[in-house]
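Asks: sequence and predicted model, in that order:
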Amino acid sequence: MMNFNKVSAYLSVIAGGVLALSTAPAQAFNFTTGSSLGSCSGLAGPFYSGPSNQQISNFTTGSCTTADGFTLSANVGSLQGKIVNGVTGVGITSGPNDPVVGEINTGEELNLMLPKTGVLQSLGLSFLYRPGVFSDRVYEVAAAVSNTNLTGSLRITSPTTALWNVPGLGILNQIVNAVSGSNPDGGGWYDIANPFGNSSLSSLGLKPLPGSTVDNAYNPTDEWLNSFQNSDFSLVSAELKSSSVPEPGTLAGLALVGGLLAASRRRKTR
């Protein structure tokens, strides 16, 4: 009969396999690909031609929840989707006189509540452009403020790059390459990997910051910083890092392993 030590070793390997196989999948959504949108799906279309022929969603709502449990809400007005050059993002339309619909503009904030406290694996932001594109007068800057008071900012620096900064974590001038460029034929979409490192958070507030005027011939006297031609942007996606906490199936498997170990021990002592 196999001795107890060998049985224990084999069953330990089985237990490790059960844990590895039962790691919970990452929770994520993406408005451009239409992934896991839940009650937010209407924000991804259909669209109609709004002011200045902007393609904006028929559907608006004060808040919604994705299939994976992210909750989006607007501090004013309503959430509204928008599509530009094949990229779909969600912003805020504060009312009939909002000069920039479907984007997060000055005085607006989109709150993103995570399904649970955890580490963000990625954050996708769009419609961020440089001076001279779509009448923008600044190098646009988006801010993401966590519930733990960490502030991250994404500043456009070229048609295809931006810089991500989180001073509180020592993340300085991290280069982020565009998924879709900040060009007249691009969606100004940037996907920030591990935006807050391994810091755990439960929510983010997304809002614009005054645009950068560095080397900016379109805004030599900062005259546009308080106008609608300042920074504005939208949310495309977010992903929560996968969890290694055992799920119910894992716990059941471990209970089975424990039972087998106990039975083996009883046989050994007889």
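Replies: Ah, there it is.

Asks: the helix or strand harbouring residue 179 packs against which elements?
Replies: If you go by DSSP states H and E, residue 179 is part of strand 171-180. With contacts defined as 3 or more CB pairs under 8 Å, 6 or more residues apart in numbering; DSSP states H and E, the packing partners of strand 171-180 are strand 161-166, strand 189-193. For every residue, glycine as well, the C-beta is placed using N, CA and C.

Asks: now with 10 Å, please.
Replies: strand 120-126, strand 151-156, strand 161-166, strand 189-193, strand 234-240 (3 or more CB pairs under 10 Å, 6 or more residues apart in numbering; DSSP states H and E).

Asks: rebuild those strands as CSV, extending it with distance to residue 67.
Replies: Putting the helices and strands packed on strand 171-180 into CSV (distance: least, CB to CB, whole Å) gives the following:
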stretch, distance to residue 67
strand 120-126, 17
strand 151-156, 26
strand 161-166, 27
strand 189-193, 20
strand 234-240, 13
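
Asks: nearest to residue 69, of those?
Replies: strand 234-240 (8.8 Å; CB to CB).

Asks: centre of the chain versus that closest one, how much separation?
Replies: 3 Å (CA atoms, centre = their mean, to the nearest Å).

Asks: angle of it against strand 189-193?
Replies: Angle of strand 234-240 versus strand 189-193, following axes from the mean of the first three to the mean of the last three CA atoms, to 10 degrees, is 20 degrees.

Asks: tell me the buried residues in strand 234-240?
Replies: Residues of strand 234-240 classed as buried: 234, 235, 236, 237, 238, 239, 240 (neighbour count, 16 or more other CB atoms under 10 Å).

Asks: can you get me the start-to-end distance on stretch 50-64?
Replies: 22 Å (CA to CA, to the nearest Å).

Asks: swap in stretch 72-81?
Replies: 12 Å.

Asks: and what of stretch 161-181?
Replies: 8 Å.

Asks: over to stretch 178-196?
Replies: Stretch 178-196: ends 19 Å apart by CA to CA.

Asks: equivalent analysis for stretch 136-149, please.
Replies: Using CA to CA, first and last residues of stretch 136-149 are 29 Å apart.

Asks: average pLDDT for it, rounded please.
Replies: The pLDDT scores in stretch 136-149 average 91.

Asks: buried stuff in it?
Replies: Quick answer for stretch 136-149 (16+ other CB under 10 Å): 136, 137, 138, 139, 140, 141, 142, 143, 144, 145, 146.

Asks: below-threshold pLDDT in the stretch 151-270 of the chain: ranges please.
Replies: Counting by pLDDT under 70, the stretch 151-270 of the chain contains low-confidence ranges at 211-229, 244-270.

Asks: ok, and what's touching the strand holding residue 179?
Replies: 32, 84-87, 124-128, 150, 152, 154-166, 186-197, 236-237 (CB atoms under 10 Å, 6 or more residues apart in numbering).

Asks: tell me where the stretch 51-200 of the chain has helices.
Replies: Counting by DSSP state H, counting those that start in this stretch, the stretch 51-200 of the chain forms no helices at all.

Asks: on the strand side of things, show who residue 123 bridges to.
Replies: residue 192, residue 238 (DSSP bridges).

Asks: how close does it get to residue 168?
Replies: Residue 123 is 16 Å from residue 168, where distance means CB to CB, to the nearest Å.

Asks: and these two? which has more neighbours close in?
Replies: residue 123 (25 against 14; other CB atoms under 10 Å).

Asks: let me see the contact set for residue 204.
Replies: Contacts of residue 204 by CB under 10 Å, 6+ apart are 109-114, 120, 123, 143-147, 150, 152, 195-196, 235, 238.

Asks: could you grab the helix/strand/coil label for it?
Replies: What DSSP: H, G, I helix; E, B strand; the rest coil gives for residue 204 is strand.

Asks: how close does residue 209 get to residue 96?
Replies: To residue 96, residue 209 is 26 Å away according to CB to CB.

Asks: also residue 242?
Replies: Distance from residue 242 to residue 96, by CB to CB: 43 Å.

Asks: so for those two, which sits in the more crowded spot?
Replies: Counting neighbours by other CB under 10 Å for residue 242 and for residue 96 shows that residue 242 has the greater number, 15 against 8.
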